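In: model the structure of this input:
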Amino acid sequence: MPYFKDLREFLAVLETRGQLRRVGAVIDKDRELHPLVKWQYRGIDEAERFGFLFENVVDRQGRRYTGQVACSVIAPNREVYALAMGCELDQVHARWTHALSSFIPPKKVSQAPVKEEIHKGASLLEHDGLMEFPVPIATNGWEAFPRVTAAAVFTRDPETRILNSGMYNSIILGSLRANIRTSRHLREHWNKCRKLGKPLEAAVAIGSQLVVSFAAATNIPHGINELDVAGSLCGEPIEIVACETVDLEVPAAAEVVIEGEIPTDFMDQDGPSGENRGHVMPGGLVHAFQVKCITHRKNPIWHDIICEYPPSESSVMRAVNCEGQVAALLKAHGISYVKDAAFHHCGSAKHFCVIRLGDVNGREFSNSRVWHALFTVLAADASWPKIVIAVNEDIDPWDLESVFWAVINRSQPHRDVKIIQGRSPALDESMEPRRAAGAEQFSFAALNAPQGASGMLIDATLKWPNPPISLPRKDYMERARKLWDQLELPKLKAKEPWYGVSLGHWSEAEQHLVDLAEQGRVDEAAQILLGQCKKL
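Out: Residues are numbered from 1 along each chain as shown. Below you'll find the model as predicted:
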């Protein structure tokens, strides 16, 4: 499968596959765009979701924009995510495992599509700065400002000179003013610059290559250039170009790049913002961003993602990214008996994980190995996942009905649940009440307490032989499946487990009764039971 050189090439392929809808009707970016796209996350099965390309965008006042808006195009579902990665779905986790251990540095070029138009100095406000672009309002009715959702924000460590990028929340406050909300690696760079008494240079890239977005949205360890990981994801160097006014490099194929500085002598008051955990977060103190230069392609496509309440496009991205990270972590620890790691939308993807364990070379795993795997997954990060559940190979880790069936039937809370204190919380409303507007997001008393937040591990694996799963045996279900197709009934999607299997507790006497029945000798089977009557 080919790697896509830019967003436009990907959109063209997405359209040929019937997974992109062009919208030619006039759409209000401030009142209609996000609610329209969000409906597919509240009313359509994940496999059926698609991308939108809005070609005729206006704002609340009726102002018409020349650019287009591509929304929900890189991860409405896992299949599109894999397409954007340039591989088959079953190769995504292996691609992430490889990319996190074998890097391909970017390649610097002198000419770039993102330099087709350059606005700086006297021409900085030639097209009204940030107001040139049709940036939507995301959580309509709860947010006050247009929000940048799909940007890769580039900064450089002032000590090591290593470039970093992250996908951060940002709202537009004027033609040359925005803010950036983050507590991740950008904050570390900002703290270092603050000690040096200088602003932090930053560049915001919108509509970069898809793998750049995936790497920016992933918790790559500090000190690793996300562009090195992005290059490994696609198998070749990402082409980058020098910025015009700041000492940074950005993807050459981006649609828009906004260069500027983050002051270190003051912070902004943020507006309310819908967040991926599922709440609207009241405004707190965030980083200011002052624009110095804007470069972009002619008639740029503004890339926008759906986040907020899960499921969302961002939760699909986080789920697959986290699964890839955990797969790499388990491989590094030699834990080969974990077959799958599934992250779920309801936990904002990264906070709720289910691991599926299987035998290795016919050898059953011990209970100690279950806990080894659970603790290893919890070590992925200080703040995620919050809950990890281990299940056997017969349970589909992506099907929560099956997972919680295993929790109910294969675990005891006093024995199979462990609470781990000392975790680091992240946007967790269960920590403590919010403070008044104008203050930091939390009081941080609970965050800095010795025990911090907590995580939970659940061993929902079999501890001893159990009776068979109460579904028809595999041969019966396969026969029925053929009959189903002959009757031209609705298309089936098999849900694991879709047939019954023995789990060890099944006697020869019980099997003998079934054998007799299958031979048509039901009367003989009945006589066996009648001969076992017990007088009271």
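In: run through the strands of the stretch 201-350 of the chain in chain order.
Out: Here the stretch 201-350 of the chain has its strands, by DSSP state E, counting those that start in this stretch, at 239-242, 249-251, 256-262, 268-269, 273-274, 280-281, 285-296, 301-304, 338-344, 349-357.
In: so which other helices or strands are in contact with the last one?
Out: In other words, strand 349-357. helix 313-332, strand 338-344, helix 367-378, strand 387-391 (3 or more CB pairs under 8 Å, 6 or more residues apart in numbering; DSSP states H and E). C-betas here are computed from N, CA, C, even on glycine.
In: switch to 6 Å and redo it
Out: Other helices and strands packing on strand 349-357, by 3 or more CB pairs under 6 Å, 6 or more residues apart in numbering; DSSP states H and E, are helix 313-332, strand 338-344, strand 387-391.
In: the first one too?
Out: Contact analysis of strand 239-242 by 3+ CB pairs under 6 Å, 6+ apart lists strand 249-251 as its packing neighbours.
In: direction included, what does the strand it packs on pair up with?
Out: For strand 249-251, the paired strands and their directions (DSSP bridges) are strand 239-242 (antiparallel).
In: what about this structure, any weak spots by pLDDT?
Out: By pLDDT under 70, the low-scoring segments of the chain are 1-2, 360-364, 427, 434-451.
In: nearest residue to the spatially most central residue of the chain other than its sequence neighbours?
Out: In the chain, the centroid-proximal residue (CA atoms, centre = their mean) is R318; its distance is 1.4 Å. Leaving aside its chain neighbours, R318 sits nearest to A349 (3.6 Å; criterion: CB to CB, 6 or more residues apart in numbering).
In: next up, the contacts around that neighbour.
Out: 315, 318-319, 343 (CB atoms under 6 Å, 6 or more residues apart in numbering).
In: now G24
Out: Neighbours of G24 in contact, by CB under 6 Å, 6+ apart: 55-56.
In: now with 10 Å?
Out: G24 makes contacts with 53-56, as judged by CB atoms under 10 Å, 6 or more residues apart in numbering.
In: look up phi and psi at it.
Out: The phi/psi pair for G24 (degrees, to the nearest 10) reads phi -90, psi -20.
In: thought G166 was touching A205?
Out: No - between G166 and A205 there is no contact under CB atoms under 10 Å: 11.3 Å.
In: who's more crowded, the two?
Out: A205 (31 against 22; other CB atoms under 10 Å).
In: quick check: closest non-adjacent residue to A341.
Out: V326 (4.3 Å).
In: E55 versus the nearest residue to E15 once chain neighbours are set aside, what's the distance?
Out: Closest residue to E15 apart from its sequence neighbours, by CB to CB, 6+ apart: R22 at 7.4 Å. According to CB to CB, to the nearest Å, R22 and E55 sit 6 Å apart.
In: which residues do the two both contact?
Out: Q68.
In: what about L53, which SS state?
Out: Per DSSP: H, G, I helix; E, B strand; the rest coil, the local secondary structure of L53 is strand.
In: that one: how many residues sit nearby?
Out: L53 - counted by other CB under 10 Å - has 19 other residues nearby.
In: is it true that it touches L33?
Out: No - L53 is beyond contact range of L33, at 11.5 Å (criterion: CB under 10 Å).
In: which residues are in contact with R161?
Out: By CB under 10 Å, 6+ apart, the neighbours of R161 are D247.
In: distance of it from P105?
Out: 13 Å.
In: and D359, by the same measure?
Out: Applying CB to CB to D359 and P105 gives a distance of 41 Å.
In: in a helix, A12, correct?
Out: Yes - checked against three-state DSSP, A12 lies within a helix.
In: isn't it up against K5?
Out: No - taking contacts as CB under 10 Å, A12 lies outside contact range of K5: 11.2 Å.
In: can you tell me, leaving aside adjacent residues, what's nearest to V501?
Out: I469 is the one closest to V501 (CB to CB, 6+ apart), at 5.5 Å.
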